[in-house]
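S.K.: sequence and predicted structure are below.
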Amino acid sequence: KQWYQRRVHGDSQVTAKSGPYQEMSWETRFTQSKIQEMRNAFGLFDRDGDGTINAKELGAVMKTMGNAPSDDILDKMIKVADSDGSGVVEFQEFMEMICDQIEVSDEEIEGAFKMFDRDNSGTINHNEVKHVVAKLGLKITDDQIKAMMKMD
């Protein structure tokens, strides 16, 4: 939330390539396993499966996470991440945006985990992922969920 508020509203303290990894591309910064996890996350946003994220798709996912930015803010968020000016965010741009926002607070991580961990067991199982995916309105198979959960 802070990322889009600062970047969209023009906070000059935030730059696209700041921090200790500013010279590293996402291809070298992440393992192949992590990149695949990010592709799966990208797929959750890309609701129509066209390989891009538009403002409507971004808004739908944010709404399920308890945020309701205006259409204007969503458009600005897309423009910030859309480095090629196509009007949508492709995977390359998504990864660049992730790299910009790599520092996430423990509270944010815990909140995201709790969203999945419905039984408060400290683990996330297949059925919990399936529930959240269904709540997001995504059509995903059990095999796709298994692939998302596969750990190397």
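M.R.: Perfect, thanks for sending it.
S.K.: who's in contact with Arg47?
M.R.: When contacts are counted by Cβ atoms under 8 Å, 6 or more residues apart in numbering, Arg47 touches Glu57, Ala60, Val61, Gly137, Leu138. The C-beta positions use only the backbone N, C-alpha and C, and glycine is treated the same way.
S.K.: pull out the buried positions in the longest helix seen in the chain.
M.R.: Secondary structure of the chain per DSSP state H: the longest helix is helix 32-45. Residues Met38, Asn40, Phe42, Gly43, Leu44, Phe45 are the ones in helix 32-45 that count as buried (16 or more other Cβ atoms under 10 Å).
S.K.: residues contacting that helix, please?
M.R.: Contacts to helix 32-45, defined as Cβ under 8 Å, 6+ apart, come from residues 26-27, 30, 49, 53, 57-58, 61, 91, 94-95, 98, 133, 136, 138, 147-148, 151-152.
S.K.: make a PyMOL selection of the buried ones in those residues.
M.R.: Here is the PyMOL command that selects the buried residues among these (16+ other Cβ under 10 Å):
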select buried, resi 26+30+53+57+58+61+91+94+95+98+133+136+138+148
